[in-house]
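Colleague: Predicted structure and sequence below. I'll ask about it afterward.
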Number of protein chains: 2
Amino acid sequence: MTRTLTVGAAQLGPIDREHTREMVVERLVALLRQGADAGCDLVVFPELALTTFFPRWYTEELSGHDHYYETEMPSPVTQPLFDVAAELGVGFALGYAELTADGHRYNTTVLVERDGSIVGRYRKTHIPGHEDDEPWREFQHLERRYFEESNEGFPVWEAFGGRIGIATCNDRRWPETYREMGLQGVEMILIGYNTPIHYAPDPTQNRLQGFHSHLVMQAGAYQNGTWVVGVAKGGCEEGVESLAESAIIAPSGEIVSQTATDGDELIVATADLDWCNDYKNTLFDFDRYRRPEMYGRITSQKGVVT
Amino acid sequence: MTRTLTVGAAQLGPIDREHTREMVVERLVALLRQGADAGCDLVVFPELALTTFFPRWYTEELSGHDHYYETEMPSPVTQPLFDVAAELGVGFALGYAELTADGHRYNTTVLVERDGSIVGRYRKTHIPGHEDDEPWREFQHLERRYFEESNEGFPVWEAFGGRIGIATCNDRRWPETYREMGLQGVEMILIGYNTPIHYAPDPTQNRLQGFHSHLVMQAGAYQNGTWVVGVAKGGCEEGVESLAESAIIAPSGEIVSQTATDGDELIVATADLDWCNDYKNTLFDFDRYRRPEMYGRITSQKGVVT
């Protein structure tokens, strides 16, 4: 019997600063209902899906931006998502800014099963951008000011009849991200992202944003024999143009579905989880072919040593 | 001042079992001369460039295939390559089967400078295929019978005005290969390959051979900010159709030159080595952004642990 999981990538268009959580949750619920109509078991929302991408603005005191963070999940305002999920029998993954009771700030994604129960949460490992105000930029990318690097690694959960993992935005550019989950037998990795087209430190990369985003996710899928679901917050948000091009990628590395707009848009694929084994049991039979004793630099050093 | 290195990928068409070393060296010398005419500093030949891809045949006693191995490099028959290199001032990388004085067998590539001196050699780390005869296959892929896995890792050499590394065929499918060299500041990775189109353990991968080959090399280039030169032995050799599609890939991950045939063909690119820094010093500033303490599974376990 083939194990299949019908997954939806629920791309979001811009969320403005003035949009309330209620307005956003309404959009998410509409996409969740669309997903149910399309037969989805799981609908994946982007990174920081409840607010505008606020790390583009500097604030001296972090607490000045506390209103962008969630202190509980679900909360009264996000509870409708959990209720509709349970009602429709559609799970979801949702990215949001998390502020813990003891004052830690993470870029977090929660995974919710078809009965509305929380499976687990992932906190972003690779935080890009910078810590301090850099007024020379057209806009800031202050993720390193607003979020701590998580020290929890890359968990993989038994859920939705398979092994599911999560990565967030910049995590997807690092092959170690996929490999950590590949070494736990992951069969589907859910990746939400906010990717400005303009990359201030090297604008020659602007024209390549879509290519790079697909390249790393396709390679990560193939090299670990896993499905990858990449979901954007796209379009022009508060004057910043962001990459859309959400994609569902097979264990072959092939894109099997891709968004055609940069707004709210659901794409769906029925993922054969056993397809993973075509790669995991042959070319990428890790037990037979990997050479971990030759990879010492990957864990023993951080930067380049010449 | 921009550091540039003009590199040629010297793809080879088939080498039959009956072809002598002298015949093959003549083809290599012709390509080296073409490279000199095109202004190359370095010409890269494929994996096992001196013989047919003999691991497709089983032999009970390995010594029955000793004639496919080199016991010295240069040898009288390969010396002309070194002489022509020095005469023309063009370096080269050459893949061959190595049989050491104490009886070890490696899938080796030697790197030779523009004065004909040996810079170093790389022995293949990731040996694909199988150890024993598997008569159900259309043809064998007995690399694991004919070659030991090297325990020497992935050296990077200061040569040709930059930092040069080597990988061989199947090595290119493993992200750890590029990362080990990326962590040594590599600026150009030379990769020779023999890749049969037909993959017996899962023929659904046949149609994807070209896509997969480019995908992994392009991702490895981008994720480490390095040039990659992928060089095939292509065409139909002893009845086995092999992937051509040799490619020179920029640190952006873009293919800047690609072969158009599956025979002997030289493609050339002038590689700006400083382009690497656009990636190494920004998005992939390893010292700032990597999280080696989160990558423990990559070195502490070989296969999947669930």
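Modeller: That came in fine, so what should we check first?

Colleague: Strands along the stretch 51-200 of chain A, start to end?
Modeller: Using DSSP state E, counting those that start in this stretch, the strands of the stretch 51-200 of chain A run over residues A:91-99, A:105-112, A:118-123, A:156-159, A:162-168, A:188-193.

Colleague: Is the residue in chain A sticking out farthest from the centre in a helix, a strand, or coil?
Modeller: Note on chain A: the largest C-alpha distance from the chain mean falls to A:Thr306, namely 33.8 Å (Cα atoms, centre = their mean). At A:Thr306 the chain is in coil, as set by DSSP: H, G, I helix; E, B strand; the rest coil.

Colleague: what residues are up against it?
Modeller: By Cβ atoms under 8 Å, 6 or more residues apart in numbering or on different chains, the contact set of A:Thr306 is B:156, B:163, B:184-185. Every C-beta, even on glycine, is put in place using the N, C-alpha and C of the backbone.

Colleague: ok, 10 Å please
Modeller: Taking Cβ atoms under 10 Å, 6 or more residues apart in numbering or on different chains, we find A:Thr306 in contact with B:156, B:158, B:163, B:183-186.

Colleague: Contacting chain A as well, which ones from those?
Modeller: B:156, B:158, B:163, B:183-186 (Cβ under 10 Å from any Cβ of the partner chain).

Colleague: Pull the most distant pair out of those residues.
Modeller: Within the ones next to chain A among the contacts of A:Thr306, B:Glu158 and B:Leu183 form the most distant pair, 15.7 Å apart (Cβ to Cβ).

Colleague: Between those two, point out the one with more neighbours.
Modeller: B:Leu183 (25 against 11; other Cβ atoms under 10 Å in any protein chain shown).

Colleague: Apart from its neighbours in sequence, what residue is nearest the more buried one?
Modeller: A:Arg297 (4.3 Å; Cβ to Cβ, 6 or more residues apart in numbering or on different chains).

Colleague: Quick check: phi and psi at A:Val240.
Modeller: The phi/psi pair for A:Val240 (degrees, to the nearest 10) reads phi -110, psi 120.

Colleague: how far away is it from B:Tyr289?
Modeller: For A:Val240, the distance to B:Tyr289 equals 21 Å [Cβ to Cβ, to the nearest Å].

Colleague: Can you say which helix or strand has A:Leu283 in it?
Modeller: Following DSSP states H and E, one finds A:Leu283 outside all helices and strands.

Colleague: So what does it look like in phi/psi?
Modeller: phi -50, psi -40.

Colleague: Might you report the residue contacts of it?
Modeller: A:Leu283 touches A:222-223, A:225, A:289, B:128, B:170, B:173, B:199, B:201-202, B:205, B:212, counting by Cβ under 10 Å, 6+ apart.

Colleague: Narrow the residues you listed to just the buried residues.
Modeller: A:222-223, A:225, A:289, B:128, B:170, B:173, B:199, B:205, B:212 (16 or more other Cβ atoms under 10 Å in any protein chain shown).

Colleague: hmm, back to that, out of the strands of the stretch 51-200 of chain A, which is the most enclosed?
Modeller: Comparing the strands of the stretch 51-200 of chain A by mean neighbour count (mean count of other Cβ atoms under 10 Å in any protein chain shown), strand A:188-193 ranks first with a mean of 28.

Colleague: can you pull the contacts of A:Leu12?
Modeller: By Cβ under 10 Å, 6+ apart, the residues touching A:Leu12 are A:24, A:27-28, A:31, A:45-49, A:192, A:194, A:231-235, A:237, A:242, A:244, A:246, A:262-265.

Colleague: Skip the chain neighbours and tell me the closest residue to the closest residue to chain B within the stretch 51-200 of chain A.
Modeller: Closest contact between the stretch 51-200 of chain A and chain B, by Cβ to the nearest Cβ, is at A:Pro175 (3.5 Å). The shortest distance from A:Pro175 to any non-neighbouring residue, by Cβ to Cβ, 6+ apart, is to B:Pro175 (3.5 Å).

Colleague: per-residue pLDDT, that neighbour?
Modeller: On the pLDDT scale, B:Pro175 is placed at 99.

Colleague: One more: A:Met1?
Modeller: A:Met1 is given a pLDDT of 59.

Colleague: rewinding a little: in strands, which of the contacts of A:Leu12 fall?
Modeller: Per DSSP state E, strands hold the following members of the contacts of A:Leu12: A:192, A:231-232, A:235, A:237, A:242, A:265.

Colleague: got a winner among these for most neighbours?
Modeller: Counting by other Cβ under 10 Å, top hit in the ones in strands among the contacts of A:Leu12: A:Gly192 with 32 neighbours.

Colleague: Let me see the contact set for that one.
Modeller: Listed by Cβ under 10 Å, 6+ apart, the contact set of A:Gly192 reads A:9-12, A:44-49, A:93-96, A:107, A:109, A:124, A:166-169, A:172, A:229-233, A:246.
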